[in-house]
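> Quick one: sequence and predicted model below, then my questions.
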Amino acid sequence: MSLLFALETEILKSHQRYSRDASVLSQKLDGLSPPNCVAPITDDPSEAMFHAKDILRTVIMIQAPHMIRDRKYHLRTYRQCMIGTEMVDWLMQYSTLVLTRIQAVGMWQALLEEGVIAHVCEEHPFRDKYLFYRFVDGRTDTMGTGGTGTGSTSSHVLPTPPTMELKHYEEELADVLKMLSQVGPDAIMRMILRKPSCERTPEDLEIIYEELLHIKALSHLSTMVKRELASVLMFESHTKKGTVLFRQGDEGKSWYIILKGSVNVSIYGKGIVCKLQEGDDFGKLALVNDAPRSATICLCEDNCHFLRDVEANTVRLNEHGQDVLVLEKMPTNVQAQDGSIQSHYKYSVMAGTPEKILEHLLETRMEKNESDDHFLESFLLTHVIFMPTKKLCPALMMHYEAISGAKDESHDIILSHKRRVIQFVQEWQSISGEEFLEDNTISAFLKELQHTLSSDSLAYPELKNDVSVIEHMMQARLSNNTMEPPKYSMKKRLTPNVILARKGSKENVIDESKFKRGSIKAADESIFRVYCADHSYCTLRVPMTTTVSQIINQAQEKLALGEDLVLCEVKSNGERILFRENDLGVVNSLTLNGRLFLAPREHLDAVTPLPEQDEILTGTASSLELVGSQELAYHMTVYDWELFTAVPEYELIYQVFGRYKFGKTTANLDLFLRRFNEVQYWVVTEILLTQNLSKRVHLLRKFIKLAS
């Protein structure tokens with residue numbers, strides 16, 4: 001009988017090993033096979049895990065022998081097994097290292113994925129539920145079937161170790177639990193990744209997302225894409241060095257990220273071309289291009305772990321060994337004709353060279369009328385950072401003429417190619433406004449484009465309407481340059497101190513709604529005073545784009561000062577703010593009660609505020625009593641809105657990246673930002689200057705009502 005039992009056991013083990021190897025082979029040949037979330041991730045458990053199993057089982061047999069016993073469930077007997085909830089309870093009661101039940105689950109799961117414990121029916125990973133698990137004996141043993149428990153040494157009654165050795169095992173157990181607590185979180189992560197996507201809970205997705213934040217291959221992806229990946233990425237492991245993940249010429253089905261281990265990349269005729277390490281990714285190109293695999297991937301070492309996705313979430317266009325365009329897959333929801341919501345994907349530009357971004361925009365975005373696609377608008381509003389007009393205009397002409405001499409292209413394709421450039425220029429004028437009309441480089445570009453269009457319209461009569469569009473733009477530029485400045489333009493050219501004084505008057509509050517405020521242009525001039533340390537001054541009149549060094553040179557001649565001069569702002573409290581020589585538009589950036597001073601660098605301490613800066617103003621509470629809160633709020637809102645709408649979008653970029661880098665003014669933005677401080681100090685000043693307490697309370701109520 002013993003010989004027969006041994007023979008049956010060996011046959012069963014051989015069958016199970018064959019099944020497992022066949023499963024691994026199938027997974028290797030078919031990149032889309034779902035991972036087995038129960039099978040061990042390694043053929044043989046590590047020394048540390050095998051030792052941990054022995055210590056845990058021994059201590060449990062000594063301290064809680066009732067945990068390991070035969071159990072009956074649904075008319076079947078499962079020998080020498082434990083219950084998942086009891087195993088978690090025991091760990092939490094025994095060790096202070098285990099703080100939560102999920103932590104204990106991770107520690108037991110680390111043992112299960114190494115194959116030293118297993119579910120009695122091999123149907124579940126470790127769970128904190130009424131499920132049966134047992135220790136597995138032997139390096140290559142796998143669990144027997146559940147009913148009678150035959151086929152495994154662990155199915156027999158385990159001998160109880162002597163109690164006198166308990167102290168030794170408890171000392172060993174402390175190190176074992178410390179080790180398991182360190183590997184437990186990774187085991188939880190792998191267990192979640194081996195789940196089907198439909199079974200992942202929001203908590204599971206959050207755990208995966210937190211892990212994705214630390215993976216190098218995904219560092220360039222947006223938060224939205226990483227969260228999307230959390231629901232589709234799968235875990236895959238291969239145990240043997242030399243395993244081939246896929247071969248050159250195979251159909252591309254998966255994208256891989258290396259979590260552990262390394263792989264060789266080899267190409268026919270070249271051999272091994274590179275070695276990819278932990279954190280690298282591979283396999284996206286075949287998915288994006290729908291082309292065969294371009295290389296063979298082979299494992300360099302045992303027990304390699306991968307993250308796998310069936311679609312590429314980024315596309316990289318490589319030219320001459322460098323990435324010139326990176327596209328990112330973005331999920332979108334589209335409403336079908338029947339009213340249902342369908343999931344679709346589109347690729348948005350994430351990075352690239354300016355020329356390739358422009359080429360991608362012209363080829364893919366110009367003929368689509370998608371209200372939620374803001375790529376063209378974003379490009380036109382930010383191109384001054386990476387592709388100024390001196391580069392953009394020649395690139396547009398090059399793109400316009402690139403297909404002109406192509407004989408194999410159809411009439412419609414050539415016409416569509418040229419019209420995309422015209423449409424781009426139209427959108428550019430619409431978004432940029434006056435900046436477009438005032439740029440000399442754009443003016444020369446429009447003349448060249450108009451001349452080329454006129455010639456092309458002979459071969460392509462459909463372009464005649466486009467010729468008139470460009471001519472209309474050129475006429476708009478001429479009318480913009482010859483247009484008489486509005487009567488109120490001189491107000492903007494005055495020093496901000498004068499502007500602010502007019503803003504505070506009653507007449508200004510009432511009359512400002514009678515005109516539409518325009519933007520301050522670079523050619524507009526500003527009139528202001530520059531003071532010396534003895535409070536003498538000179539008056540200058542300079543364009544808005546004048547630099548500090550130019551102001552210093554002009555003031556130096558008028559004030560007859562020496563060398564090594566610095567320009568600074570002096571506030572009423574005596575604080576000094578030095579300006580750099582390449583700063584622009586400093587007149588409009590002065591604080592509410594600031595003045596410009598010019599002094600030698602070594603005598604800067606002698607500069608003091610003007611007496612007028614310390615004067616106590618007279619309050620206007622009596623005038624405010626004549627205006628209701630609602631009317632006052634209306635006129636202030638109208639004025640604030642005019643200031644806001646007068647700010648060109650590009651001034652925000654000049655402010656962030658440095659106006660001196662572009663040689664542009666931010667006068668409109670400076671006035672708008674200055675308005676916040678002006679209103680704030682105006683309220684405080686009016687309240688403090690009102691001596692009568694009853695009037696002060698009344699004024700305070702008016703301001704509260706005004707704010708609400």
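Perfect, thanks for sending it.
> close enough to count as contact, residue 300 and residue 265?
No: look at residue 300 against residue 265 with Cβ atoms under 8 Å: they stay out of range, at 10.4 Å. For every residue, glycine as well, the C-beta is placed using N, CA and C.
> where do the helices sit along the stretch 51-200 of the chain?
Applying DSSP state H, counting those that start in this stretch to the stretch 51-200 of the chain gives helices spanning 84-94, 101-112, 166-193.
> residues contacting residue 215?
257, 279, 307 (Cβ atoms under 8 Å, 6 or more residues apart in numbering).
> Can you tell me which of these are buried?
257, 307 (16 or more other Cβ atoms under 10 Å).
> Show me which of the contacts of residue 215 is closest to residue 196.
Of all these, residue 196 sits closest to residue 307, with 15.3 Å by Cβ to Cβ.
> wait, is that closest one part of a helix?
No: secondary structure of residue 307, determined by DSSP: H, G, I helix; E, B strand; the rest coil: strand, with no helix assignment.
> which residues touch it?
Contact analysis of residue 307 by Cβ under 8 Å, 6+ apart lists 193, 215, 233-236, 256-257, 259.
> Over to residue 135?
53, 56-57, 68, 116-117, 154.
> switch the cut-off to 7 Å
Contacts for residue 135 (Cβ atoms under 7 Å, 6 or more residues apart in numbering) come out as 53, 57, 116-117, 154.
> element containing residue 555, please.
helix 548-559 (DSSP states H and E).
> So what touches that helix?
Counting by Cβ under 7 Å, 6+ apart, 530, 532, 538, 540, 542, 565, 567, 579-581, 583, 586, 598 sit against helix 548-559.
> Could you identify the most distant pair in those?
Using Cβ to Cβ, the contacts of helix 548-559 reach their maximum pairwise distance at 538 and 580, which is 21.5 Å.
> the more surrounded of those two?
Applying other Cβ atoms under 10 Å to residue 538 and residue 580 shows that residue 538 carries more neighbours, namely 17 against 13.
> Quick check: the more buried one is in a strand.
Yes: assessed with three-state DSSP, residue 538 lies in a strand.
> Have a look at the contacts of residue 215 and tell me the least confident one.
Lowest in pLDDT among these is residue 279, which has 82.
> Might you report the residue contacts of that one?
Residues near residue 279 by Cβ under 7 Å, 6+ apart: 215-217, 258.
> before we move on, the earlier item: buried residues of the helix holding residue 555, list them for me.
Buried residues in helix 548-559, counted by 16+ other Cβ under 10 Å: 548, 551-552, 555-556, 559.
> same check, this time on stretch 392-401
With burial defined by 16+ other Cβ under 10 Å, the residues of stretch 392-401 counted as buried are 392-393, 396, 399-400.
> and if you look at stretch 93-100?
Buried residues in stretch 93-100, counting neighbours by 16+ other Cβ under 10 Å, are found at 94-95, 97-98.
> ok so, going back, okay, residue 300 and residue 265: which has more neighbours?
Neighbours per residue (other Cβ under 10 Å) separate residue 300 from residue 265, with residue 265 holding more: 18 against 15.
> and that one, backbone torsions?
phi -110, psi 120 (degrees, to the nearest 10).
> quick one, what contacts it?
When contacts are counted by Cβ under 7 Å, 6+ apart, residue 265 touches 272-274, 276, 282, 295, 297.
> are any of those residues buried, and which?
276, 282, 295, 297.
> which among those gets closest to residue 184?
When these are compared against residue 184 (criterion: Cβ to Cβ), the nearest one is residue 276, at 28.0 Å.
> Which strand residues bridge that closest one?
Beta-bridge pairing for residue 276 (DSSP bridges): residue 263.
> which strands and helices sit next to the helix or strand where residue 454 lies?
Residue 454 is located in helix 440-459, with elements delineated by DSSP H and E. Using 3 or more Cβ pairs under 7 Å, 6 or more residues apart in numbering; DSSP states H and E, the elements in contact with helix 440-459 are helix 389-401, helix 464-482.
> again, 10 Å this time
Here helix 440-459 touches helix 389-401, helix 411-432, helix 434-438, helix 464-482, going by 3 or more Cβ pairs under 10 Å, 6 or more residues apart in numbering; DSSP states H and E.
> Nearest to residue 603, out of these?
Going by Cβ to Cβ, the one of the helices and strands packed on helix 440-459 nearest residue 603 is helix 434-438, 41.4 Å.
> what's the closest one in contact with?
Residues outside helix 434-438 that contact it (Cβ atoms under 10 Å, 6 or more residues apart in numbering) are 380, 384, 389, 425, 428-430, 432, 442-443, 446, 473-474, 476-481, 518-519, 521-523, 648-651, 664.
> Show me just the buried residues among the residues you listed.
By 16+ other Cβ under 10 Å, these give 380, 384, 389, 425, 428-429, 432, 442-443, 446, 473, 477, 518-519, 521-522, 648, 650-651, 664 as buried.
> possible to save the buried residues of helix 548-559 as CSV with distance to residue 45 and pLDDT?
Output for the buried residues of helix 548-559, formatted as CSV (distance: Cβ to Cβ, whole Å; pLDDT from 0 to 100):
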residue, distance to residue 45, pLDDT
548, 72, 90
551, 78, 91
552, 78, 90
555, 83, 90
556, 83, 88
559, 87, 86
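> mind showing which ranges of the stretch 1-150 of the chain have poor pLDDT?
Along the stretch 1-150 of the chain, the parts satisfying pLDDT under 70 run over 1-36, 138-150.
> now the strands for it?
Taking DSSP state E, counting those that start in this stretch, the strands of the stretch 1-150 of the chain run over residues 69-73, 76-83, 117-119, 132-135.
> Could you work out which of the ones you listed reaches nearest to residue 204?
Across these, residue 204 has its closest neighbour in strand 117-119 (19.5 Å, Cβ to Cβ).
> List the strands paired with the closest one, with their directions.
Using DSSP bridges, the strands paired with strand 117-119 are strand 132-135 (antiparallel).
> Could you list the alpha-carbon positions for the strand it pairs with in PDB?
Provided in PDB are the C-alpha atoms of strand 132-135 (Å, rounded to 0.1, in the frame of the first residue of the first chain):
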ATOM      1  CA  PHE A 132      -8.800  27.400   4.100                       C
ATOM      2  CA  TYR A 133      -5.100  27.500   3.700                       C
ATOM      3  CA  ARG A 134      -2.300  25.100   4.600                       C
ATOM      4  CA  PHE A 135       1.500  25.100   4.700                       C
END
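> Taking the contacts of residue 265 together, which two end up most distant?
Distance extremes for the contacts of residue 265: the farthest pair is 272 and 282 at 13.6 Å, using Cβ to Cβ.
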